[in-house]
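*Asks:* Provided below for reference: sequence and predicted model.
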Amino acid sequence: MITIRDEIAADIPAREVLLDRCLGERRTAKSSERLREGRLPAEGLALTAECEGVVVATVRLWHVEAGDKAALLLGPLAVAPELQGEGLGRAMMREAIWRAACRGHGAVLLVGDAAYYERFGFSGDLTRDLAMPGPVERERFLGLELRDGALAGAVGVLVATGRPAEATPAAEPARRAA
């Protein structure tokens, strides 16, 4: 049985291995990573899926600002290759979006495959006046409003606004995991 739950510190090493397996080690070179570096995920929005004590999926959301509009940046989402196509990614996305809405967040942004994320309501129309802090394929930069008008008037380059990770040895794995 697979359980989706809050991420705990003990998940981080396995999460790193899963992300490298699914996304490759070059994942840290992506523009989205610039918004996650040195930050903690949004409170209650770092999720792990486990099966028999093994981390099999992960997703996190991060505080960002688009102009003067607060939003969340989703990512990365990763599912163990042997479980891809089984609906776990969809379940992780639905849980992440639901939790973000329940916590009162107005919008979620991401960089990802439009054909996949459109099924959750994401659209490139909401990001046309926004930019990432580095190169990104325009058609992969998507947004979802959890509250009507949450991104109305949002313009400019996204900026990280989340809590900084503590500069302690215990926080180092969390910083690398981001």
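*Replies:* Thanks, I have the structure now.
*Asks:* Can you mark which positions in stretch 148-166 are buried?
*Replies:* 150-151, 154, 158, 160, 162, 165 (16 or more other C-beta atoms under 10 Å). Yep, even glycine has a C-beta here, placed from its N, CA and C like the rest.
*Asks:* Low-confidence ranges, the protein, go.
*Replies:* Counting by pLDDT under 70, the ranges of the chain that qualify are 167-178.
*Asks:* Next secondary structure after the lengthiest strand in it?
*Replies:* In the chain, with assignment by DSSP state E, the single longest strand is strand 54-66. Later in the chain than strand 54-66, the nearest helix or strand by DSSP states H and E is strand 69-74.
*Asks:* What is that following strand packed up against?
*Replies:* Strand 69-74 sits against helix 31-36, strand 54-66, strand 107-111, with contacts defined as 3 or more C-beta pairs under 8 Å, 6 or more residues apart in numbering; DSSP states H and E.
*Asks:* what comes up buried for the longest one?
*Replies:* Buried residues in strand 54-66, defined by neighbour count with 16+ other C-beta under 10 Å: 55-66.
*Asks:* for the first one, same thing?
*Replies:* Buried residues in helix 31-36, counted by 16+ other C-beta under 10 Å: 32, 35-36.
*Asks:* Just the residues contacting that helix, thanks.
*Replies:* 27, 60, 62, 64, 73, 75-76, 110-111, 132-136, 158-160, 178 (C-beta atoms under 8 Å, 6 or more residues apart in numbering).
*Asks:* Strands of this protein, residue ranges please.
*Replies:* 2-6, 46-51, 54-66, 69-74, 78-79, 107-111, 130-131, 141-145, 156-160.
*Asks:* Name every strand pairing with the longest one and say which way it goes.
*Replies:* Same thing as strand 54-66. Strand pairing for strand 54-66, using DSSP bridges, gives strand 46-51 (antiparallel), strand 69-74 (antiparallel), strand 78-79 (antiparallel), strand 156-160 (antiparallel).
*Asks:* could these go into a markdown table alongside distance to Gly124?
*Replies:* Formatted as a markdown table, the strands paired with strand 54-66 follow (distance: least, C-beta to C-beta, whole Å):
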| stretch | distance to Gly124 |
| --- | --- |
| strand 46-51 | 25 |
| strand 69-74 | 15 |
| strand 78-79 | 22 |
| strand 156-160 | 15 |
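*Asks:* Relative to Asp20, which of those is closest?
*Replies:* Asp20 lies closest, by C-beta to C-beta, to one member of the strands paired with strand 54-66: strand 78-79, at 9.3 Å.
*Asks:* quick one: that closest one to chain centroid distance?
*Replies:* 11 Å (C-alpha atoms, centre = their mean, to the nearest Å).
*Asks:* contacting residues around it?
*Replies:* 18-19, 21-23, 49, 56-59, 88-89, 92.
*Asks:* Between those, which sits nearest Glu82?
*Replies:* Nearest to Glu82 among the contacts of strand 78-79 is Val56, at 8.4 Å by C-beta to C-beta.
*Asks:* Fine by me, we can end here.
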